[in-house]
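Novice: Turn this into a model:
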Amino acid sequence: MRLLVTGGTGFIGQHLIKKRLAAGDSIVCWSRDPAKVHDLFGQKVEAIRDLPEKDELQIDAIVNLAGEPIADKRWSFERKQLLRASRIDLTHQLVEWVKAQDQKPEVLVSGSAIGFYGCHSSDVQLGENSAVSPGFTHDLCADWETEAIRLEEDGVRVCLLRTGVVLGHGGALSKMLLPFKLGLGGPIASGQQWMSWIHIEDEVEVIEMLLTHQHLQGAFNLTAPEAVPNRVFTGCLAKALKRPAFLPMPAFVIDLMLGEGAELLVQGQRVYPEKLLEIGYQFKYPELQPALNAIVR
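Specialist: Below you'll find the predicted structure:
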């Protein structure tokens, strides 16, 4: 397969590219920093700063993972605009480029997030067809998905990745480890908010499945079947690290750090991978404690 990847230098992108290289794929990575692509993968991956002219790049499939990190900085007006541009504007540019090609890829697997459902305080499990709670994260993800879906009218199969917190060496977990290793970890705010997570190995395997199974399309929740409250998550992480977890982080501290973006940590969603389970996908890590144990051992 000749595969075009955006966001290839990110946490998920790096794992996906390495696995697809091992499978024999030819990879093209569209990146604003081609030097970083070559630092990570050498000359095994072709790095491009700009999409080429019509029909110069013959590809079989696209995985679109680009997007600025959503919880790294306080949400100012400018930050929110950047979050939108790095996802929606880039996807728009990608879709317009595909539309201009005579030979189109068979499939676009495009990023989204469980933020599509907004923030829910209830214990209701959210499948792909569940009701949403309006707000910035829903609008961001919905508009992002809408751009990608436009390729369906050109005969391209489109799959959408509504991804939860991805756990592995790096990514979100790397920011949590230090305080826990120092014995300073603990739940965030009330600790009752739901955390929907997925192990990086399952994340990559699902993306590969969506690339290669021609009957699959639409939105998929990429979360393990066992979402947990934040208090349970911190307890499992502490157990894996053999450290205590009794110092909670108050909600007002998160508010000071992230502003409106604090909702990502102090609220939550209990997201359920309904469609993946319906088609028979078997998670390598369906439960949290074994997933964390495998990562930190």
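
Novice: How are the strands of the protein distributed by residue range?
Specialist: Assigned by DSSP state E, the strands in the chain fall at 2-6, 26-30, 45-48, 61-64, 107-113, 157-163, 165-168, 170, 194-195, 197-199, 218-222, 228-229.

Novice: how about the nearest residue to the residue nearest in space to the middle of the chain, chain neighbours excluded?
Specialist: Geometric centre of the chain, nearest residue: Thr163, 4.4 Å, by C-alpha atoms, centre = their mean. Distance criterion C-beta to C-beta, 6 or more residues apart in numbering; nearest residue to Thr163, sequence neighbours excluded, is Leu222 at 4.4 Å. From N, CA and C alone the C-beta is placed, and that goes for glycine too.

Novice: What are the neighbouring residues in contact with Lys284?
Specialist: Lys284 makes contact with 199, 201-202, 205 under the criterion C-beta atoms under 8 Å, 6 or more residues apart in numbering.

Novice: Helices of this protein, residue ranges please.
Specialist: For the chain, the helices defined by DSSP state H occupy 11-22, 34-41, 77-84, 90-100, 136-149, 171-181, 200-212, 230-241, 251-258, 263-266, 274-278, 288-296.

Novice: Pick out the shakiest of these, pLDDT-wise.
Specialist: Comparing mean pLDDT across the helices of the chain, the lowest value falls on helix 251-258: a mean of 68.

Novice: on that earlier part again, so which of the helices of the chain gets nearest Asp60?
Specialist: In terms of C-beta to C-beta, the element of the helices of the chain nearest to Asp60 is helix 200-212, at 8.9 Å.

Novice: Residues touching the closest one, excluding its own?
Specialist: 1, 3, 11-12, 15-16, 19-20, 61, 63, 107, 109, 159, 161, 163, 166-169, 171, 216, 220, 222, 224, 276, 281, 283-285.

Novice: How about the contacts made by His92?
Specialist: Applying C-beta under 8 Å, 6+ apart, we find His92 in contact with Glu147.

Novice: Against Lys99, how distant is it?
Specialist: Distance of His92 to Lys99, computed by C-beta to C-beta, to the nearest Å: 11 Å.

Novice: Would you mind measuring from Gly168 to Ala224?
Specialist: With C-beta to C-beta as the criterion, Gly168 and Ala224 are 13 Å apart.

Novice: Settle it for me: which of these two has more neighbours?
Specialist: Ala224 (27 against 21; other C-beta atoms under 10 Å).

Novice: can I assume the more buried one is in contact with Glu287?
Specialist: Yes - the criterion here is C-beta atoms under 8 Å, and Ala224 meets it with Glu287 at 7.4 Å.

Novice: What number of residues are in the vicinity of the nearest residue to Ala142 once chain neighbours are set aside?
Specialist: Nearest non-adjacent residue to Ala142, counting by C-beta to C-beta, 6+ apart: Phe116, 6.3 Å away. Per other C-beta under 10 Å, the neighbour tally for Phe116 reads 25.

Novice: Next: Gly127.
Specialist: 15.

Novice: confidence score at it?
Specialist: Per-residue confidence (pLDDT) for Gly127: 97.
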